[in-house]
Structures are given as C-alpha cells and as structure tokens.
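Asks: here's a sequence, model it:
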Amino acid sequence: MSHPLEGHDKLPPTTPQALWISAAALSAIWWMSIRMLWSDWDIDPQYSYGFLVPILCVALFMQRWRDRPPPVPPRSLKTNAWLALPPLLFLAVIQPFFEANPEWRVPGMLGAVSAVWLTLLLVHTLGGRPWLGHFLFPIAFFLIAVPWPRNAEEDIMSLLMEKNAIATLEVLHWCGYEAVRRGHLIALPTGMVGVEEACSGVRSLQSGIMAALFLGEMFRFTSFVRTGLVLTAVVVAVLGNFLRATSLSIIASHEGVAAVEKWHDTAGYAILALTLGSIWSLSWLYQKFRRPRQCPLPVPPSSLPLSIPAPLRTACVVVIAIGTTSLAGTEVWYRSHEKSPAGVSTWTLASGTPGTKPVAIPDRTRRILFFPEGFSERFLDPAGHNWQLFYFRWPAGRTAIQALSIHDPRTCLASIGMTLESQLPSISIEAGGIHLPFQVFRFADRGRPVLVFHSIIAEGLSASDAIQAGQNPTMANYTITGRWDMVRRGIRNRGQRLIEAAVWDTADVTSAAASLQDFLDKSLSISGRP
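Replies: The predicted model follows:
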C-alpha cells in the first residue's frame, strides 16, 4: 500500500481551509513560545530587539521560499509524529510552571527550541530533506532572540564592565585626567561616572550579532564571510562602548557629572548606529564587488503546488486543541486560586518619617526597575549609625520579579565599588503584625563594614501562604519541587514590594535588625486588617 505522501507533486493544491488550520496550529506553537520571552523583550533594553526577530524570520523564510527546491516528502509520517510529541507536550505542560515562575528563563529557552524543532518537522513533512536544509537558517534564526542564561549573562556583563572601566581609566590617565576606578565606577574630581550594563556593550553586541547573521543570510554569503561579519560586530560593539565610556568620562571631567545624563542616551544610540552601520556597509560592499557565482536556476514556484496531507491536517487540529487547553487551563487554574484570602491586610511604607531625609532616585534607575511608586530615605539610628532605605512597589505582572532578579544587592553594590564579604543567615522582622523576611549581606565600603537587609514581598498572600510558599522570590525554593509547589498552590505574581536597607559602620546584625524594626514600626501603615 502506498503512503499518503507518495506522488506529492501530483496532488492538487491545498485548500484554503487546510492552510488556515495549519497556520493556526503554527501560530499556537509560536505564541506558547513567544509569551515566555515577551517580558524579557519588554523590560530589558538589551533584549528589546527580540520584537523584531520574528518579523525578520518571516522575511528570510519568504526570501528562501522563492527559490525552494522540489519537495521530496518522507515516506512515513510516523517518525515525525513521534519526534513532534515531546516538544509539543513540553510547550503545553510548561505554561503553568512559567506562570508561577516568570523569572525562570529555562522555560523560555526550551520553549524557543521546541517551537523551532516543531516548525522544522513541519517543513520536513512537506518537503523532506531538501526543504529542511533550505529553510533551516530562517527558522533557527529565531534563537538569536532568546535571552542568555542569567549566570552567563551576568558573568559576561561583569567582565565587559570591568575591562571597559580599566581601559577607560588608562586612557584618562594618558590624557592627563585625574581618575580612580572603584569597581565599575570611575571616580573623577567632579563626581562618579558609572560603567553600567548599557555601557558594557551587551546591547550593541547582541544587536550587532543579530544584524551580522541576518545580512549574511540575506545576501547568501559563505560561512567564512558570515563568520567574519559576526567577529566584526563583536569588535565594533566592544570598541564603540569603550569610546562611549571614555567620552562620557571626559565630558564629566569638564562639565560635571550632571552633563553625563544629557549625553548618555545619545552616545548609546550613536554606538548602536555605528555597530549596525558598519555591518551593513561591509555586507553591501562585499555583495557589490564579489564575483558572481554560478547557481542553478530555481524551480518556478508555480510548478511546486503546496499540498498538505490529511494526516498532517489532523495533527494540526490536535495541536490547536492542546495549545488552547494549555493556555485556557492555566488561566482558569490560577484565577480560581486568586480569590482574596482571609487574613490579608493592605500595607505600605510611608515616606517622611520624622528624622529622615529624602534621597533622589535617578530617572534612569526608575526606567531600569520599572516601578510605579517608591522612595529612598536616609536616617540615623539611636546608636548614631547611618542608614539608607529603599522602598519600591510594583503592580501585578512579571516586570518586578524579572527586574529584581537582575538588580539585587550583589550586583548593584558591587558595581559601585563595594565588596561582598559574606551572606549571613536570613532573618524575619515583624512590623505592625506583618512578617517581613530579609536576606542579610555584609559588604565592605572602602574599609567600612556595611550590613544590607534585602526583602521582596509578594502581594495578595495570607501569612500562612507567605511562609509556606516562600514569598520572598530571592529566598524561594528554586528546585523543581519548589517550583511545582507554587503551581500546585496556584500562586503566581500579583505584585511585589522591595524593602532594602543598608547601615554603615556596624557588623552587629541583632542590634541593626532591632533598629530597622523600630523604623518600620513607625513608617508602616496598615489598612484592611480583619
């Protein structure tokens, strides 16, 4: 008995209904993947180019479609069906896990790989190995938009910032400017200039690599030329950000640190334009002057009617059903657990407590952290120790967890020259009947001991839920068992608050915690208590 795909080139073209079913199934697969990457694209400037990548993938695919080879469909669909089952089930099962753990990048990474894998299987089913090789790059190009693992990302960012600061300091000394490096900061007579994430080259580096890969495919360059474009993007991005940090430091030396704010974004866009412009110019010049290659004429698309076999149409209906069930079921599950629990009170920290002095928060910091409200204050405790406190509050959604997972004390304080000496045992402080879990860190600030109390509190949980679920995300159980417990209890992100307090010139955690508790008792306001 012949299989359904034999004589594929003699089958009539696919009906519009079959095309719509296939497109809907493919859309369901990609939406389940993209929704897990959306927040990173939205809140992290270095991944904002991710919104453009799906469009570029479609453009590259359509370009390849014009000279596609004759299809040679596989003789059996069973192998492809079995290969498609694991990634499809993963995309369906991981949705509730992602909803409860939106800061977890693993689902997004594996989800993107799953979507790419399923799309390649679809291409292989329709056209066999010739189509698989022909369309491999446009489909796999989507992986450039996947955020890097956090540990690797932080290591690369720290390395780039450190080397950038060292090189900038050396050039400033060559030019006769007085400057001292403190971590990722350059101390000038006029103030401190930060070599922060945006200056580290990560954004322009990733965008440059994306542009190099895209243009290499657009012009159908050889692997050797494409590798050269990628290396060029890396060199130009790193060199450009070094020039940016150096020029901003020179401006700060002449005009003061306040002038850096004026030129900061302009310099960043200029370096990004330099990186992308260099890649485009090199690609255009090589394309213009390279020797034309003799390529076989492509088969006219009109002679290759697309035919979707009946088993594949049935599989697409199954995919749509699984995707719809997963997304709808996830939403129903969490909403059924989000009724206001008993024992929940509304509280906030009020600014302006007697004895405090406000501290201005830079607009750039507000943009990076994406918080709608918050303040920073300084105060003295009864022992005469200096304190600085931050209080931020986020609405329901994924923004807070992802922003906070990047900007915690170990990252932020190290970037301004403090040295982490140790992480001490966590403590719980009760203020106004509210239990606040704190991580405790001990830093050194130019020889002065600094204790840092750091807490992230989830919204909308009763006291018992907060204790059992580990409401502080930085203290949560990040094992598979812990993440599953969040899913089982129907707990997802409904907003967070951050309390971070630092005290100088003391290493006594007990007395410092007592002083912090006294301050919180005075500034904490509670409403809705049962």
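
Asks: now do the strands in this structure.
Replies: 180-182, 185-188, 191-194, 346-349, 357-358, 373-380, 386-393, 419-431, 434-445, 448-458, 496-504, 524-527 (DSSP state E).

Asks: with mean neighbour count added, can I get those strands in a markdown table?
Replies: Where you see a C-beta, it was placed from the backbone N, CA and C, and this is true even at glycine. What follows is the strands of the chain, written out as a markdown table (neighbours: other CB atoms under 10 Å):
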| stretch | mean neighbour count |
| --- | --- |
| strand 180-182 | 15 |
| strand 185-188 | 20 |
| strand 191-194 | 19 |
| strand 346-349 | 16 |
| strand 357-358 | 10 |
| strand 373-380 | 17 |
| strand 386-393 | 20 |
| strand 419-431 | 14 |
| strand 434-445 | 19 |
| strand 448-458 | 22 |
| strand 496-504 | 22 |
| strand 524-527 | 12 |
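
Asks: now render the ones you listed as TSV, adding distance to L215 and mean pLDDT.
Replies: Shown next, in TSV, are those (distance: least, CB to CB, whole Å; pLDDT from 0 to 100):
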stretch	distance to L215	mean pLDDT
strand 180-182	37	80
strand 185-188	35	80
strand 191-194	33	74
strand 346-349	51	82
strand 357-358	50	92
strand 373-380	43	91
strand 386-393	41	92
strand 419-431	42	91
strand 434-445	45	91
strand 448-458	42	89
strand 496-504	41	90
strand 524-527	56	77
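
Asks: same list (those) but as TSV, adding distance to N101.
Replies: TSV is the format used below for the strands of the chain (distance: least, CB to CB, whole Å):
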stretch	distance to N101
strand 180-182	36
strand 185-188	33
strand 191-194	31
strand 346-349	25
strand 357-358	35
strand 373-380	24
strand 386-393	21
strand 419-431	20
strand 434-445	18
strand 448-458	12
strand 496-504	14
strand 524-527	29
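
Asks: so which of those strands gets nearest N241?
Replies: Comparing these by their distance to N241 (CB to CB), the top pick is strand 191-194, with 13.1 Å.

Asks: which strands and helices lie in contact with that closest one?
Replies: If you count contacts as 3 or more CB pairs under 8 Å, 6 or more residues apart in numbering; DSSP states H and E, strand 191-194 packs onto strand 185-188, helix 223-255.

Asks: rebuild these as CSV, extending it with distance to L524.
Replies: Below are those laid out as CSV (distance: least, CB to CB, whole Å):
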stretch, distance to L524
strand 185-188, 33
helix 223-255, 39
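
Asks: of these, which shows the lowest average pLDDT?
Replies: Looking over the helices and strands packed on strand 191-194, mean pLDDT reaches its minimum on strand 185-188, with a mean of 80.

Asks: show me what that one is packed against.
Replies: Packed against strand 185-188 by the contact rule (3+ CB pairs under 8 Å, 6+ apart) you find helix 150-174, strand 180-182, strand 191-194, helix 223-255.

Asks: if we can go back for a sec, closest to L327 out of the strands of the chain?
Replies: Taking CB to CB, strand 448-458 is the member of the strands of the chain nearest to L327, at 23.3 Å.

Asks: same for the closest one, what does it pack against?
Replies: helix 409-415, strand 434-445, helix 463-469, strand 496-504, helix 509-523.

Asks: adjacent strands (with direction) for it?
Replies: Strand 448-458 pairs in its sheet with strand 434-445 (antiparallel), strand 496-504 (antiparallel), by DSSP bridges.

Asks: only C-alpha atoms, please: export the longest one in CSV.
Replies: Coordinates of the C-alpha atoms in strand 434-445 are reproduced here as CSV (Å, rounded to 0.1, in the frame of the first residue of the first chain):
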residue,chain,number,x,y,z
ILE,A,434,3.5,41.9,59.2
HIS,A,435,6.2,39.4,58.9
LEU,A,436,9.0,40.6,56.5
PRO,A,437,11.7,38.0,55.5
PHE,A,438,15.1,39.6,54.9
GLN,A,439,18.3,38.3,53.3
VAL,A,440,21.3,39.8,55.1
PHE,A,441,24.6,40.6,53.4
ARG,A,442,27.8,42.0,54.8
PHE,A,443,29.7,44.3,52.5
ALA,A,444,32.9,46.4,52.8
ASP,A,445,32.8,50.0,51.6
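
Asks: and that strand with helix 509-523, angle?
Replies: 130 degrees (axes from the mean of the first three to the mean of the last three CA atoms, to 10 degrees).

Asks: worst-scoring helix or strand of the protein, pLDDT-wise?
Replies: Here the helix or strand of the chain ranked lowest by mean pLDDT, DSSP states H and E is helix 463-469, holding a mean of 47.

Asks: show me the contacts for T190.
Replies: Going by CB atoms under 8 Å, 6 or more residues apart in numbering, T190 touches 252-253, 255-257.

Asks: once you drop chain neighbours, what's closest to it?
Replies: The shortest distance from T190 to any non-neighbouring residue, by CB to CB, 6 or more residues apart in numbering, is to G256 (4.8 Å).

Asks: ok, how many other residues are close to the one you found?
Replies: 13 (other CB atoms under 10 Å).

Asks: which residues does stretch 138-147 contact?
Replies: With CB under 8 Å, 6+ apart as the test, stretch 138-147 has contacts from 37, 40-41, 44, 47, 49-50, 53-54, 56-57, 60-61, 63-64, 105, 108-109, 112-113, 115-116, 119-120, 123, 153, 206, 209-210, 213-214, 217.

Asks: can you select the buried ones from these in ChimeraX?
Replies: To isolate the buried members of those in ChimeraX, using 16 or more other CB atoms under 10 Å:
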select :37,40,41,44,47,49,50,53,56,57,60,61,64,105,108,109,112,113,115,116,119,120,123,153,206,209,210,213,214,217
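
Asks: in helices only, show me the contacts of stretch 138-147.
Replies: 40-41, 53-54, 56-57, 60-61, 63-64, 105, 108-109, 112-113, 115-116, 119-120, 123, 153, 206, 209-210, 213-214, 217 (DSSP state H).

Asks: so where's the stretch 101-250 of the chain shaky on pLDDT?
Replies: Applying pLDDT under 70 to the stretch 101-250 of the chain picks out residues 194-203.

Asks: ok so, going back, would TSV of the strands paired with strand 448-458 with distance to S422 be doable?
Replies: Shown next, in TSV, are the strands paired with strand 448-458 (distance: least, CB to CB, whole Å):
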stretch	distance to S422
strand 434-445	5
strand 496-504	15
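
Asks: quick revisit: quick one: closest of the helices and strands packed on strand 191-194 to S351.
Replies: The nearest among the helices and strands packed on strand 191-194, by CB to CB, is strand 185-188 at 27.2 Å.

Asks: how about residues contacting the closest one?
Replies: With CB under 8 Å, 6+ apart as the test, strand 185-188 has contacts from 165, 168-169, 172, 177-181, 192-195, 245, 249, 252-253, 257, 415-417.

Asks: again, 10 Å this time
Replies: Applying CB atoms under 10 Å, 6 or more residues apart in numbering, the external contacts of strand 185-188 come out as 161, 164-165, 168-169, 172, 177-181, 191-196, 245-246, 248-250, 252-254, 256-257, 415-417.

Asks: count of neighbours near G447?
Replies: 6.

Asks: pop the domain breakdown of this structure in here.
Replies: If you go by automatic domain parsing, the domain ranges for the chain are 24-147+292-323, 150-289, 346-527.

Asks: how about a markdown table for these, with distance to A18 added?
Replies: Converted to a markdown table, the domains of the chain look like this (distance: least, CB to CB, whole Å):
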| stretch | distance to A18 |
| --- | --- |
| domain 24-147+292-323 | 5 |
| domain 150-289 | 29 |
| domain 346-527 | 36 |
